[in-house]
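Participant: With the sequence up front, the predicted model follows.
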Amino acid sequence: MDLKAHYIAITPTLGEINWATSPDDFLLAIQLGWLDFLEKEWREHYYEARQGFTTLNILWKSEQAQLTFQKQFQSFKIKPKVLSSQIWEIPVCYAPEYGYDLGALALAHRIRVSELISIHASVTYRLHFFGFLPGFPYLNGLPEILHTPRKPVPDRTVDAGSVAIGGKQTGIYPQESPGGWHVIGRSPVQLFDIQRDPPVIASPGDRLKFEPIDSDEMEKMLISPPYPRKR
Amino acid sequence: MSKEMAIATLIKSGPGSSIQDLGRIGLARYGVPHSGPMDMKSFAWVNHILQNEVYNAVLEIAQPGFLIRFDSPTCLALAGGQATISLNGQEIEKSTMLSVKSNDELEIGGFQTGALIYIGIRYGFKSPKVMGSRSFYSGLTASGFLHKGDKLTYFNDSNATPLFNAKAKWSTDWFQTDRIDVYPGPDFHLLEDKVKEKLWSQAFKISQQSNRMGTQLLELVENSLPELPTNPVFPGTVQLTSGGKVIILGQDAQVTGGYPRILQLTDLAKSILAQKKPGQSIRFSLMRK
């Protein structure tokens, strides 16, 4: 594992800090440390700093800003951030009418549907960043037994709130969208709401846990979507 | 000089047209795309010649058969692709500046060159701001695209005479090239030499599967790139899928992606590409740093 940060200038005003390793809590703590450092020391020089699983990308306001940053890069001492202990409880109804791929997925992994659900709901997932759609959380921590290649042909529409598995990831669709992940349930929580500040739920570094609910609770919650509990 | 709210009504609009300002830069941390004009050069030009603010909202028109009625006098500027322009049913000279009176109807007919036409208006269009921007984006703004019957607000300009009568040229020469300048993307080094060779030597055709999220190219580029962790992508990022599809991301593209990021377009190349229609060819040309 190589935790040395590398910097590349992609264009005169776009650059990338990257790490030749796999995403995990330790790298996330380093990335969040870098984001704090950038925010504190360089904020007036860039438009945006974007986070991925193994990179941070910076859109600079000028060529000069990037050149100066790149020159000093090796001398920066970054303290990893202590990851938050906040856990968000996300209610999910794993009934087949919402999780229409549950049966096929359980069959593919040779486990019972009930086992699949209890494995998925038993662990906490670390939120790394938002991408794909406004408010779509990129989560790390899906147990290996549930890793599943994406569908060869994406579904034309996946409902808002759908909880799904794709590759090594699990996630929740904040809005209706085409999608290639296997849908195993649905959450009544509104993941993205422009009336809220911030519009998203949770911050990078927080953890999410899925709390199974039954169809009756789900129907009630769909009418008045709850804001998830934190602990 | 009086400045009152006025209304422009869309009488006809084809799919794909929208209102754009500079977009929502800085909100990628919530997964919100940039948006903003696909052809920044033409967008900036119409605001410049109207002596507007650089961020004023303009119309981005993607299809002929666009008809709009202005209920009060104002001044307009046109740039980008070139089309037949009619005022109250009469074809007019292709001039970049234009003043309209109450109830004038402006029509964009068949496109002769280019793929997107920008119509700027004095003081900018005043459609509602969502998260700091008037740029349309499905899921954030009330609608992703303009529709027949939409009413757009603007400030009237009762002294609406072109600000300086110089016949500012509606230039299209700058995008009449197939050359798309690119920098190597962060995952470029993963490509085999023969794949790189192919990228520089081949002409690529724009596919019908192209919109504000991305432009797909018809020719496939076989490769043996590994699956990569999801990382940030930007407008102008060129992705290469495992199936060999080349996708050039547009202004409404998602903020992160899992496909290898092999190239990154220059700002000018993004504007040039925005003016290409399906079926037209492009060639990638590597920038020397």
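Facilitator: Done, it's in.

Participant: quick one: contacts for the residue in the stretch 1-150 of chain B that chain A sits nearest to?
Facilitator: Closest residue of the stretch 1-150 of chain B to chain A, CB to the nearest CB: B:Gly31 (3.6 Å). For every residue, glycine as well, the C-beta is placed using N, CA and C. Counting by CB atoms under 8 Å, 6 or more residues apart in numbering or on different chains, B:Gly31 touches A:130-136, A:174, A:192, A:200, B:254-256.

Participant: Now do the contacts for the residue sitting nearest the centre point of chain A.
Facilitator: For chain A, A:Tyr138 is the residue whose C-alpha lies nearest the centre (CA atoms, centre = their mean; 1.5 Å). Neighbouring residues of A:Tyr138 by CB under 8 Å, 6+ apart: A:Phe53, A:Leu127, A:His128, A:Phe129, A:Phe130, A:Gly131, A:Phe132, A:Gln169, A:Gly171, B:Thr230, B:Thr256.

Participant: so what pLDDT did the residue nearest to the third one when sequence neighbours are not counted get?
Facilitator: Spelled out, it's A:His128. Counting by CB to CB, 6 or more residues apart in numbering or on different chains, A:His128 lies nearest to A:Tyr138, which is 4.8 Å off, once chain neighbours are set aside. You'll see A:Tyr138 listed with a pLDDT of 96.

Participant: Distance-wise, check A:Tyr138 relative to B:His34.
Facilitator: To B:His34, A:Tyr138 is 19 Å away according to CB to CB, to the nearest Å.

Participant: just B:Lys151 next, same as before
Facilitator: 26 Å.

Participant: Could you tell me which residues of the stretch 151-289 of chain B lie near chain A?
Facilitator: Neighbours of chain A within the stretch 151-289 of chain B, by CB under 8 Å from any CB of the partner chain: B:183-186, B:227, B:229-232, B:234, B:254-257, B:264, B:266, B:289.

Participant: Buried among those? Make that a PyMOL selection.
Facilitator: Listed next is the PyMOL selection for buried residues among those, using 16 or more other CB atoms under 10 Å in any protein chain shown:
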select buried, chain B and resi 183+184+185+186+229+230+231+232+234+254+255+256+257+264+266
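
Participant: A:Ile184 in helix, strand or coil?
Facilitator: strand (DSSP: H, G, I helix; E, B strand; the rest coil).

Participant: quick one on the thing from earlier: quick check: what element follows the strand or helix carrying the residue nearest to A:His128 along the chain?
Facilitator: Assigned by DSSP states H and E, A:Tyr138 belongs to strand A:137-140. Next in sequence after strand A:137-140, counting helices and strands by DSSP H and E, comes strand A:155-158.

Participant: For A:Trp56, which non-adjacent residue is spatially closest?
Facilitator: Quick fix: residue A:56 reads Leu, not Trp. Closest residue to A:Leu56 in three dimensions, ignoring its sequence neighbours and counting by CB to CB, 6+ apart: A:Ile17, at 4.5 Å.

Participant: my read is the one you found is in a strand, agree?
Facilitator: Yes - according to three-state DSSP, A:Ile17 belongs to a strand.

Participant: Hmm, it is touching A:Ala9, no?
Facilitator: No - at 11.1 Å, A:Ile17 does not count as touching A:Ala9 under the criterion of CB atoms under 8 Å.

Participant: which of B:Lys151 and B:His34 has more neighbours?
Facilitator: Between B:Lys151 and B:His34, counted using other CB atoms under 10 Å in any protein chain shown, the more crowded position is B:His34 (25 against 10).

Participant: Let me know the secondary structure of the more buried one.
Facilitator: Using three-state DSSP, the structure places B:His34 in coil.

Participant: roughly how far apart are it and B:Pro235?
Facilitator: B:His34 is 6 Å from B:Pro235, by CB to CB.

Participant: pLDDT value on the residue of chain A positioned farthest from its centre, please?
Facilitator: The C-alpha centroid of chain A is most remote from A:Gln64, which lies 32.8 Å away (CA atoms, centre = their mean). For A:Gln64, the pLDDT comes out at 98.

Participant: Can you tell me the SS state at it?
Facilitator: Secondary structure, three-state DSSP: A:Gln64 is helix.

Participant: how close does it get to chain B?
Facilitator: Using CB to the nearest CB, to the nearest Å, we find A:Gln64 at a distance of 15 Å from chain B.

Participant: If we ignore the residues flanking it in sequence, what's nearest the residue of the stretch 101-250 of chain B found nearest chain A?
Facilitator: Closest residue of the stretch 101-250 of chain B to chain A, CB to the nearest CB: B:Asn231 (3.0 Å). Among residues not flanking B:Asn231 along the chain, A:Gly52 sits closest, at 3.0 Å (CB to CB, 6+ apart).

Participant: need the contact list for that neighbour.
Facilitator: Each residue near A:Gly52 by CB under 8 Å, 6+ apart is listed here: A:Phe129, A:Gly131, B:Pro229, B:Thr230, B:Asn231, B:Pro232, B:Thr256.

Participant: Between A:Ile17 and A:Ala9, which has more neighbouring residues?
Facilitator: A:Ile17 (22 against 18).

Participant: Show me how chain A divides into domains.
Facilitator: As given by automatic domain parsing, the domain ranges for chain A are A:6-75, A:87-230.

Participant: Just to check, B:Asn223 is in contact with B:Gly244?
Facilitator: Yes - the criterion here is CB under 8 Å, and B:Asn223 meets it with B:Gly244 at 6.4 Å.

Participant: Which residue of the two possesses the greater neighbour count?
Facilitator: It is B:Asn223, of B:Asn223 and B:Gly244, that has more neighbours when counted by other CB under 10 Å, with 18 against 13.

Participant: Could you check the pLDDT of B:Arg288?
Facilitator: Predicted confidence (pLDDT) for B:Arg288: 76.

Participant: Show me what counts as buried in the worst-scoring helix or strand of chain A on mean pLDDT.
Facilitator: For chain A, counting by mean pLDDT, DSSP states H and E, strand A:177-179 ranks last in confidence among helices and strands (a mean of 89). For strand A:177-179, a neighbour-count test (16+ other CB under 10 Å) marks A:Ser177, A:Gly179 as buried.

Participant: Return the distance of that strand from the chain's centre.
Facilitator: Centroid displacement of strand A:177-179 relative to its chain, using CA atoms, centre = their mean, to the nearest Å, is 17 Å.

Participant: what do you get for stretch A:69-77?
Facilitator: Chain-centre distance of stretch A:69-77: 29 Å, with CA atoms, centre = their mean.

Participant: quick one, what contacts A:Ala202?
Facilitator: A:Gln86, A:Trp88, A:Leu127, A:Pro137, A:Leu208.

Participant: Can you tell me which of the residues you listed comes closest to chain B?
Facilitator: Chain B has its nearest neighbour among the contacts of A:Ala202 in A:Pro137, at 8.5 Å by CB to the nearest CB.

Participant: A:Phe192 is in contact with the closest one, correct?
Facilitator: No - counting by CB under 8 Å, A:Pro137 does not reach A:Phe192; the two are 9.9 Å apart.

Participant: Need the residues touching each of those two.
Facilitator: Shared contacts of A:Pro137 and A:Phe192, defined by CB under 8 Å, 6+ apart, comprise A:Val200.

Participant: any idea which strand is longest in chain B?
Facilitator: Using DSSP state E, we find that the single longest strand of chain B is strand B:104-121.

Participant: Would you mind naming what in the stretch 1-150 of chain B lies close to chain A?
Facilitator: Residues of the stretch 1-150 of chain B found near chain A (CB under 8 Å from any CB) are B:Ile25, B:Gly26, B:Ala28, B:Arg29, B:Tyr30, B:Gly31, B:Val32, B:Pro33, B:Val130, B:Met131, B:Gly139, B:Leu140.

Participant: In chain A, where is pLDDT below threshold?
Facilitator: Across chain A, residues meeting the criterion (pLDDT under 70) sit at A:1-2.

Participant: Could you do chain B as well?
Facilitator: Applying pLDDT under 70 to chain B flags residues B:1-2, B:160-168, B:289.
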